[in-house]
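[1] the following block contains a protein sequence and its predicted model.
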Amino acid sequence: MKIKKILFPTKFRELSFNSLESLMELKAIGLKEVVLTYVIPRDEVAFVPFGGYMKDEEERLREQARIRFEDWQESISKHGIDSTIRIQVGNPIPKIMSIAEEEKVDMIVAGRKKRTALDKVYVGSHTLDLVRRSKIPVLISKYMVRFEWEGELITRVNDHIFTKPLLATDWSEPSEKALKLVSSFKGLADKVMVTHIIGVKISKNLDKSELKRIERESKERLGNYCDKLKNAGVKAESHLFSGRSSEEIIRVAREHKATMIIMGTTGKDRIRQLWLGSVSHRVAEASELPVLLVP
Amino acid sequence: MRFRKWITIIFLLSIFAFLVPAMASDHGVAATHDTEPGSTQGEHAVAATGHGDVPAGSESPVQGDKGHGGGHGAGHINLGEVLPLWSCIPFACMLLSIALFPLLAPKFWHHHFGKVSAFWAACISIPFLIVFKGAALYQIVHIILADYVPFIILLWALFTVSGGIMLKGTLRGTPVINTIMILIGTVLASWMGTTGAAMLMIRPFLKANNYRKNRTFMVVFFIFLVANIGGSLTPLGDPPLFLGFLHGVSFFWTMKILPHMLVTSGILLVIYFILDSYHYKKEGFSSAPVEEGEKEPLKLVGTHNFIFLGGVIGAVLMSGIVDWGQINTFGIHRAAQDWVRDGLLIVMGILSLLTTSKKIHEDNDFSWFPIIEVAYLFIGIFITMVPCLLILKAGLKGELSFLIAAVKEPFHYFWVTGALSGFLDNAPTYLTFFNTALGAFYPGMSEAQAVPLLMTETSIYLKAIAAGAVFFGSFSYIGNAPNFMVRSIAEEAGTPMPSFFGYILKFSLIYLLPTFVIVTLIFF
């Protein structure tokens, strides 16, 4: 599972270009092309009340985007990576997904949402929708973030994000796919931390011997993961913890100075999602690190 | 900055213009304490029929008892008789904003239409409330609860349910197929609403004809028939007719416009077929070219939404048949079955959303924006319309007596309602002339008594108003809400559409006007 072509949709917010630049190091593992995408939201130009369609406005937005993208293309080409431009009008998330399918990309890069003082999450409902529905990995990029840690307000710049990724696994099929993806990080990642969290629901009602058995099995499986990574030429170390999965993953990532979190999506269907939520989505929302979710 | 200054000046002038004559007439009215004759009759009529509301223009007993109003006499005044003509200015300005802003400042309008609507609503409601207090509050709350809320709920339900149905597949448009498609849309319009039918059919229609060079006239005739004339047979079809239904016009009464609708759509369909055949031949086609790529069979997806559509029709029908008494909400008496209907419509819409896959909505390019626009604009229209309606209902005693006196014959109603509907959105225009007719023929009578008479002994006038409002809604882009939606979709798909004046000069004047003359000669 290699990353040769990525889709980079943008709204041209602050630090978008910086976010794009930080992905150039993927060239080390075979990145060849970036598809720069801007989707003009239909509601911006269509359905003028009792009017019509603002063709002029569409043209203006297209031209503005094209000029910016051409500037970005120059920078990307300096890294020896090709790029194409796609500018379309439509509903952003479905359009991004259809462009991703047409272009046959290996990964979609989504931006974080603009966080206000009241928000405690980095990811909006649209990005979560994309993550839920995408059949290819989605990297939620968070170039510059502010977060609270032990009473302190910290500003963090996530630039060399592939240096020390944390691979959080729950042994599911998406986790196996995430492992395959991380196996291609030879030459990119210095070390991969593989972690599994024994969830509270599992550990709560078990006796000591049963818990010991689960601990033993988990360590064994983590060992297998690390072996697979080492065989692929990627250094790895394992960590086993217990607790509330999403909180523990974020804590472990901070304590061990991970540069990003990679995990399989643990998403559910629309109705179960409403009630039960998802560990991967909660991590994506709450962590200050970029999160790569593999379906 | 200059723009804001002008807005402030207009706002202050309107308060001044409103307050001075209102205070002057307030002193005059305070001397009399006669009960408005209509109001007593209205209350009895409401109790008897259980349908319709306490008539606007008369005071609610609660308001009167509490002595609300601009003075101790305001509880007994007929507001329509004391309101100055200038109180209609915000209404006129609201409609002119809808007509002119999209032409002159589309970007500003697109981002600030809600504020403009709120501004005009405030221009009338604030001084109205200051002067007439409880009586004014009653009128505003009444029009919101009795007209606006059911109106927007029905539009939302139809919009949502229709948005879950999609026609998929490969279809190549020929004159015959196109005429059939427009005919199907025209038939559907009275049952799904003109917006619903237009949204369902426009994209397949455009896709079927994307190989054609001249597509402009196709979309214009689509607007004529599917987005307007087709919706003339039931209250579900077009907002003006639903407003009539809310004011006591029975559900199937509008079927009396069937002959008018058949003549109009018949003429326009024949013209369309001739035009399409002409252009088809001119473009060098003898048969539809085979489409490149895989041919997909025609398929309707989301068809379970027809069940919810049936639910919408059933709910509206039910509210016109049963009588479950009255419920008092904030002093407004609404029939219980009307609340049940509104609840059922909301349930239908929610069920449609929950059971229709996101993919269908996305493939349909479904967006809430058009209905949000309608919601914001029509609250402004309804609130600013209050004084105008009250004055009209006062008949010859109101400041619009000249209009009531001038509009006498059925064909007057058809053409005047039509002329204004074509340029000022047909829903408020219908209501304006509906009340003009009530004021002319049954001044001071409650709606519950007057409307049945308007449906029977003076039905030709109501037919003229209904037909004029619905048919003439096709006269310009601003005549009816789906017109601009269809235009937007067509332009986005690459079909060049005429400008506002181009539409009128090249299409409406040439094809619609003679057709409406024929309708006048035959029926009015």
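    Sure thing, it's come through.

[2] going forward, measure contacts between C-alpha atoms and count neighbours the same way
    Will do.

[3] can you dump the C-alpha coordinates of stretch B:258-274 into PDB?
    Provided in PDB are the C-alpha atoms of stretch B:258-274 (Å, rounded to 0.1, in the frame of the first residue of the first chain):
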ATOM      1  CA  LEU B 258     -58.900  23.100 -14.800                       C
ATOM      2  CA  PRO B 259     -60.400  24.400 -18.100                       C
ATOM      3  CA  HIS B 260     -58.300  27.500 -17.900                       C
ATOM      4  CA  MET B 261     -55.200  25.500 -17.100                       C
ATOM      5  CA  LEU B 262     -55.900  23.000 -20.000                       C
ATOM      6  CA  VAL B 263     -56.300  25.800 -22.500                       C
ATOM      7  CA  THR B 264     -53.200  27.600 -21.400                       C
ATOM      8  CA  SER B 265     -51.000  24.600 -21.100                       C
ATOM      9  CA  GLY B 266     -52.400  23.100 -24.400                       C
ATOM     10  CA  ILE B 267     -51.500  26.300 -26.300                       C
ATOM     11  CA  LEU B 268     -48.100  26.500 -24.800                       C
ATOM     12  CA  LEU B 269     -47.300  22.800 -25.300                       C
ATOM     13  CA  VAL B 270     -48.200  23.100 -28.900                       C
ATOM     14  CA  ILE B 271     -46.100  26.200 -29.300                       C
ATOM     15  CA  TYR B 272     -43.300  24.400 -27.500                       C
ATOM     16  CA  PHE B 273     -43.500  21.400 -29.800                       C
ATOM     17  CA  ILE B 274     -43.400  23.500 -32.900                       C
END
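
[4] just how off-centre is it within its chain?
    For stretch B:258-274, the separation from the chain centroid amounts to 22 Å (computed by Cα atoms, centre = their mean, to the nearest Å).

[5] pull out the buried residues from it.
    B:H260, B:M261, B:V263, B:T264, B:S265, B:I267, B:L268, B:L269, B:Y272, B:F273 (16 or more other Cα atoms under 10 Å in any protein chain shown).

[6] how about the strands in the stretch 101-250 of chain A?
    A:107-111, A:138-141, A:144-149, A:152-157, A:165-168, A:192-199, A:236-243 (DSSP state E, counting those that start in this stretch).

[7] so for the last one, mean pLDDT?
    When you say that, I think you mean strand A:236-243. Mean pLDDT, strand A:236-243: 89.

[8] got a list of what B:L513 touches?
    With Cα atoms under 8 Å, 6 or more residues apart in numbering or on different chains as the criterion, no residue contacts B:L513.

[9] from B:F472, how far out is the closest residue in space to B:M201 that isn't next to it in sequence?
    With sequence-adjacent residues excluded and distances taken as Cα to Cα, 6 or more residues apart in numbering or on different chains, B:M201 is closest to B:G185, at 6.5 Å. Between B:G185 and B:F472 the distance is 18 Å, computed by Cα to Cα, to the nearest Å.

[10] neighbour count: the two, which is higher?
    Counted by other Cα atoms under 10 Å in any protein chain shown, B:G185 and B:F472 do not tie: B:F472 has more neighbours, with 30 against 26.

[11] does that one touch B:G422 like I think?
    Yes. Using Cα atoms under 8 Å, B:F472 is in contact with B:G422, at 5.0 Å.

[12] for the residue of the stretch 51-200 of chain B at minimum distance from chain A, give me phi and psi.
    Nearest residue of the stretch 51-200 of chain B to chain A: B:P102, at 4.9 Å (Cα to the nearest Cα). With angles defined as degrees, to the nearest 10, B:P102 sits at phi -60, psi -30.

[13] how about B:L155?
    Backbone torsions of B:L155, given as degrees, to the nearest 10, read phi -60, psi -40.

[14] how many residues are close by residue 150?
    Since no chain was named, I'll use chain A. A:E150: 6 surrounding residues under other Cα under 10 Å.

[15] the intended chain is chain B.
    There are 21 residues near B:P150, going by other Cα under 10 Å.

[16] for the closest residue in space to it that isn't next to it in sequence, what are its contacts?
    What sits nearest to B:P150 in space, not counting adjacent residues and going by Cα to Cα, 6+ apart, is B:D342, at 6.2 Å. By Cα under 8 Å, 6+ apart, the contact list for B:D342 reads B:P150, B:I153, B:L154.

[17] which positions within stretch B:425-444 qualify as buried?
    B:425-444.

[18] okay, residue 256: pLDDT?
    No chain specified, so I'll use chain A. At A:H256, the predicted lDDT confidence score is 91.

[19] other chain: chain B
    So B:K256 comes in at 94 (pLDDT).

[20] quick one: is stretch B:104-116 near chain A?
    Yes. Under the criterion of Cα under 8 Å from any Cα of the partner chain, chain A is reached by stretch B:104-116 at B:P106, B:K107, B:W109, B:H110, B:F113.

[21] so which elements touch the helix or strand harbouring B:Q139?
    B:Q139 is located in helix B:106-143, with elements delineated by DSSP states H and E. Here helix B:106-143 touches helix B:2-30, helix B:61-66, helix B:89-104, strand B:332-335, helix B:369-393, going by 3 or more Cα pairs under 8 Å, 6 or more residues apart in numbering or on different chains; DSSP states H and E.

[22] which one of the ones you listed has the lowest average pLDDT?
    Among these, helix B:61-66 scores lowest, at a mean of 31.

[23] can you pull out the low-pLDDT segments for the stretch 101-250 of chain A?
    In the predicted model of the stretch 101-250 of chain A, residues A:114-121, A:201-204 satisfy pLDDT under 70.

[24] hey, where'd the helices end up in chain A?
    A:16-21, A:42-45, A:55-78, A:92-103, A:125-133, A:173-183, A:200-204, A:208-231, A:245-255, A:270-276, A:279-286 (DSSP state H).

[25] so which of the ones you listed is the most packed in?
    Of all these, helix A:279-286 has the most neighbours on average by mean count of other Cα atoms under 10 Å in any protein chain shown, namely a mean of 22.

[26] mean confidence for that one?
    Computed over helix A:279-286, the mean pLDDT rounds to 86.

[27] so who does the residue nearest to B:M201 touch?
    Per Cα under 8 Å, 6+ apart, neighbours of B:G185: B:A197, B:A198, B:M201, B:L225, B:V226, B:G230.

[28] against B:A315, how distant is B:L145?
    From B:L145 over to B:A315 the distance is 18 Å, taken as Cα to Cα.

[29] same check, this time on B:I267
    B:I267 sits 34 Å away from B:A315 when distances are taken as Cα to Cα.

[30] try A:E63
    49 Å.

[31] tell me which residues touch the closest residue to chain A within the stretch 401-524 of chain B, please.
    Scanning the stretch 401-524 of chain B for the residue nearest chain A gives B:S488, at 4.4 Å (criterion: Cα to the nearest Cα). Listed by Cα under 8 Å, 6+ apart, the contact set of B:S488 reads A:A46, A:F47, A:V48, A:G51, A:G52, A:Y53.

[32] what residues does the stretch 1-150 of chain A put near chain B?
    A:43, A:46-55, A:90-91, A:94.

[33] now stretch A:254-268: how far from the chain's centre is it?
    9 Å.

[34] report whether it contacts chain B.
    No. If you take Cα under 8 Å from any Cα as the test, stretch A:254-268 misses chain B, and the best it gets is 15.5 Å.

[35] residues making contact with that stretch?
    A:132, A:158, A:160-169, A:172-178, A:193, A:253, A:273, A:277-281, A:289-295.
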